[in-house]
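S.K.: here are the coordinates; sequence isn't available:
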Ligand code: AMP
Ligand code: ZN
């Protein structure tokens, strides 16, 4: 299924030109317009799924297998020192385009990309509540 107004549906299916670094029957991998680092790319399924919860398991497996393959290729082509695989679900998690995508962010020593978070301490209260929630 494609969503008529979805920009990532159009990009994935070639209706809007993009800087494509890889394509197969199910996915297109394009360079992000506003990269965190040199080579930041997005894996876009050619079918529309708003987020990971809408995506069937067979697609998930293919998407993450492709993330690994593209990561290895990035290490080789871009000579990066590592890479992040990031996949946002929901506005609270930073998702701005509601068509599933995986960010592949090549990392270079001291690149200053700042993909990090402030570390807090796991409180006994939170730990107890969370563990109880998962055991229920
Ligand atoms: P997210 O915040 O996870 O939804 O990520 C959306 C990403 O899509 C951002 O990193 C944007 O820079 C990128 N983006 C938005 N529009 C385009 C576009 N037309 N071509 C390439 N990347 C885009
Ligand atoms: Zn879409």
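M.R.: Everything's here; your move. What you see is a predicted model, and the numbers here were worked out from it, not measured in a lab. Ligands and ions are numbered 1, 2, ... in the order given.
S.K.: so what's the residue count around residue 95?
M.R.: Other residues near residue 95 number 16, with proximity taken as other Cβ atoms under 10 Å. Quick note: C-beta positions are derived from backbone N, CA and C, even for glycine.
S.K.: same thing with residue 34?
M.R.: Here the number of neighbours of residue 34 (other Cβ under 10 Å) works out to 5.
S.K.: residues from this structure in reach of ligand 1?
M.R.: With Cβ under 6 Å from any ligand atom as the criterion, the chain comes near ligand 1 at residues 7, 11, 18, 30, 32-34, 42, 88, 94-97.
S.K.: strands of this structure, start to end?
M.R.: Along the chain, the segments classed as strands by DSSP state E run 20-23, 27-31, 41-45, 82-86, 102-107.
S.K.: can you tell me which of those is most buried?
M.R.: When you average the neighbours per residue for each of the strands of the chain (mean count of other Cβ atoms under 10 Å), strand 41-45 leads with a mean of 24.
S.K.: angle of the longest helix anywhere in the chain against strand 82-86?
M.R.: Of all segments of type helix in the chain, defined using DSSP state H, the longest is helix 57-77. Put simply, helix 57-77 runs at 160 degrees to strand 82-86, going by axes from the mean of the first three to the mean of the last three Cα atoms, to 10 degrees.
S.K.: buried residues, helix 57-77. List them.
M.R.: In terms of neighbour count (16 or more other Cβ atoms under 10 Å), helix 57-77 has its buried residues at 59, 62-63, 66-67, 70-71, 74.
S.K.: re the thing from before, relative to residue 123, which of the residues of the chain next to ligand 1 is nearest.
M.R.: Within these, proximity to residue 123 (Cβ to Cβ) peaks at residue 94, which comes in at 24.6 Å.
S.K.: fine by me, we can end here.
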